[in-house]
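>>> For reference, the sequence and a predicted model appear below.
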Amino acid sequence: MKSSPPVLDALDKRIVDLLTVDARVSNRQIAAQLGVTEGTIRGRISRLEEGGAIRLTAVTNVAFSGAPKVVLIGILAQHGELRAVSQKIAAMPEIRALIVMLGRFDILAVGLFDALEDVIEVANNRILALPGVRHVETSVAVKTLKYDFRAAKITRRTGSARPRGTAPKD
């Protein structure tokens with residue numbers, strides 16, 4: 001059972017910064033660099049993981065995963081339908097990130113697709129068909145010049161895990 005999300009203090013933030021650069025760094029190395037005991041680091045990392053503030057995981061470079069297409073799908077929702085539409089789109093296994101926006105679109109969905117036919121199936125046949133969706137605009141990345149996996153991990157779904165997170169309120 002997860003505890004409530006921890007409040008990150010300065011030491012927590014410094015630990016996270018070091019783990020972001022190299023998640024395989026030892027607790028002893030972190031402790032030496034930050035001037036605290038190894039037990040302090042071990043306890044802090046455990047608390048951050050249990051509270052859901054961090055998750056240590058391997059990130060695959062998209063360039064090595066069979067050339068999937070990174071697709072951004074901008075969605076306009078009818079007034080009052082943002083929450084319902086967001087929940088339905090977030091439940092789609094192809095969608096790896098879902099962001100509520102201010103600006104041109106109400107929602108931005110990000111996914112990885114093997115073929116353009118798969119993009120059409122999701123964007124046109126499933127998302128556009130949802131009640132409350134007014135417009136869908138799809139953009140396919142042609143070349144990724146910079147991708148910082150520390151900011152956003154977008155990978156293919158594996159297993160039967162359900163999407164995490166909650167949908168925003170209208």
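Perfect, I can see it now.

>>> domain ranges for this structure?
Following automatic domain parsing, one finds the domains of the chain at 10-50, 62-140.

>>> So which of the ones you listed is nearest K146?
Closest to K146 of these is domain 62-140 (Cβ to Cβ; 12.0 Å). Where you see a C-beta, it was placed from the backbone N, CA and C, and this is true even at glycine.

>>> in this protein, which spans are strands?
Using DSSP state E, the strands of the chain run over residues 69-77, 95-100, 107-113, 133-140.

>>> Turn those strands into a markdown table, including mean neighbour count and mean pLDDT.
A markdown table is the format used below for the strands of the chain (neighbours: other Cβ atoms under 10 Å; pLDDT from 0 to 100):
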| stretch | mean neighbour count | mean pLDDT |
| --- | --- | --- |
| strand 69-77 | 20 | 94 |
| strand 95-100 | 18 | 92 |
| strand 107-113 | 21 | 92 |
| strand 133-140 | 15 | 96 |
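
>>> Reformat those strands as JSON lines; add distance to V16.
Output for those, formatted as JSON lines (distance: least, Cβ to Cβ, whole Å):
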{"stretch": "strand 69-77", "distance to V16": "26"}
{"stretch": "strand 95-100", "distance to V16": "20"}
{"stretch": "strand 107-113", "distance to V16": "23"}
{"stretch": "strand 133-140", "distance to V16": "32"}
